[in-house]
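Participant: From the sequence below, what's the structure:
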Amino acid sequence: MDGFTRDGLTFDVRDDGPPDGPAVVLLHGFPQDASAYDAVVPLLAAAGLRTLAPDQRGYSPRARPPGRRASTLRQLVADVVALLDAAGVAQAHVVGHDWGGTVAWAVASRRPGRVASLTVLGTPHPRAMRDGMRHGQARRSWYVAAFQVPWLPERALLAGGGARLRQALVDDGLEPDRADRYVARLRDPGALTAALAWYRALGVRHAGSAGRVRVPTTYVTAGQDPFFAPASVEATGRYVDGPFTRVDLDADHWLPEHRPAEVAEAVLARVSA
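Facilitator: All right, here's what the predicted structure looks like:
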């Protein structure tokens, strides 16, 4: 499959590996797209796994609904379930990085019957993030509040052909050529606004949330990630009631791009456990 539709929106999907293999859903974060997993996919496919990597809501050009209410966590979870339905997959191993990690936590807690296992890259459980706010997380999440302001973030980040956004990504360790790719996609009309809607939807009442997780879970941490406080990372295990493994890497934020072998190893270990 190369895409699926839900509520009039069309999502682009990269479907690789043997069609009859166990399915793995790969969820990207901000400001990435499915290409973040380009180096991970061949490793999983070589092990006999089918990988489904969508460009999520706001990132697929034909799935950019207006307004923040259209991008709540509840909607993002429903998108993943619709992907599984379209692919004919009853249960999948779900992997998420950055914002995709938040979606993965929510899918696993809200729709556990569709999740065979969970592997989260970097992102603490949302409730652990809340627990860490008084212990350094609020300082690291300052940009979330900044993104709530209408249109000004878009104007600032996209000025000069996206120079400020590109520089921020490079300063956080991303290679210039990959930063160029991500920025180029977000320069499409309405693309950055649609991506920032995920952040702006956090204030929507009944937006959905992640609860306790009972599926088998692996949490891969990145010791040099500037966005997640140690307190949030340490608290994450408290919200997993199922089998739990933590893999600590001395790595930066960009785990799928920079540490694909370790990511694939963690996923394969969880799938085969």
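Participant: what is the rounded mean pLDDT of the longest helix belonging to the chain?
Facilitator: With DSSP state H setting the assignment, residue counts place helix 152-171 as the longest helix in the chain. Averaged across helix 152-171, pLDDT comes to 97.
Participant: Tell me the helices and strands packed up against that helix.
Facilitator: helix 176-186, helix 191-200 (3 or more Cβ pairs under 8 Å, 6 or more residues apart in numbering; DSSP states H and E). Where C-beta positions appear, they are placed from N, C-alpha and C, glycine not excepted.
Participant: Looking at the ones you listed, which is nearest to Asp20?
Facilitator: Closest to Asp20 of the helices and strands packed on helix 152-171 is helix 176-186 (Cβ to Cβ; 31.9 Å).
Participant: which outside residues touch the closest one?
Facilitator: 31-33, 35, 59, 158, 162, 165-166, 169-170, 174, 191-192, 195, 257 (Cβ atoms under 8 Å, 6 or more residues apart in numbering).
Participant: Now list the buried members of the residues you listed.
Facilitator: 31-33, 35, 59, 158, 162, 165-166, 169, 174, 191-192, 195, 257 (16 or more other Cβ atoms under 10 Å).
Participant: Return the set of buried residues in stretch 52-72.
Facilitator: Result for stretch 52-72 [16+ other Cβ under 10 Å]: buried residues 52-61, 63-65, 68-72.
Participant: per-residue confidence averaged over that stretch?
Facilitator: Stretch 52-72 comes out at a mean pLDDT of 97.
Participant: Run the chain-centre distance for that stretch.
Facilitator: Its chain's C-alpha centre and that of stretch 52-72 lie 13 Å apart, by Cα atoms, centre = their mean, to the nearest Å.
Participant: on that earlier part again, relative to Gln224, which of the helices and strands packed on helix 152-171 is closest?
Facilitator: Nearest to Gln224, of these and by Cβ to Cβ, is helix 176-186 at 17.5 Å.
Participant: OK, contacts around Asp20?
Facilitator: Neighbour list for Asp20: Arg50 [criterion: Cβ under 8 Å, 6+ apart].
Participant: Against Arg50, how distant is it?
Facilitator: According to Cβ to Cβ, to the nearest Å, Asp20 and Arg50 sit 7 Å apart.
Participant: residue nearest the centroid of this protein?
Facilitator: Gly100 (1.2 Å; Cα atoms, centre = their mean).
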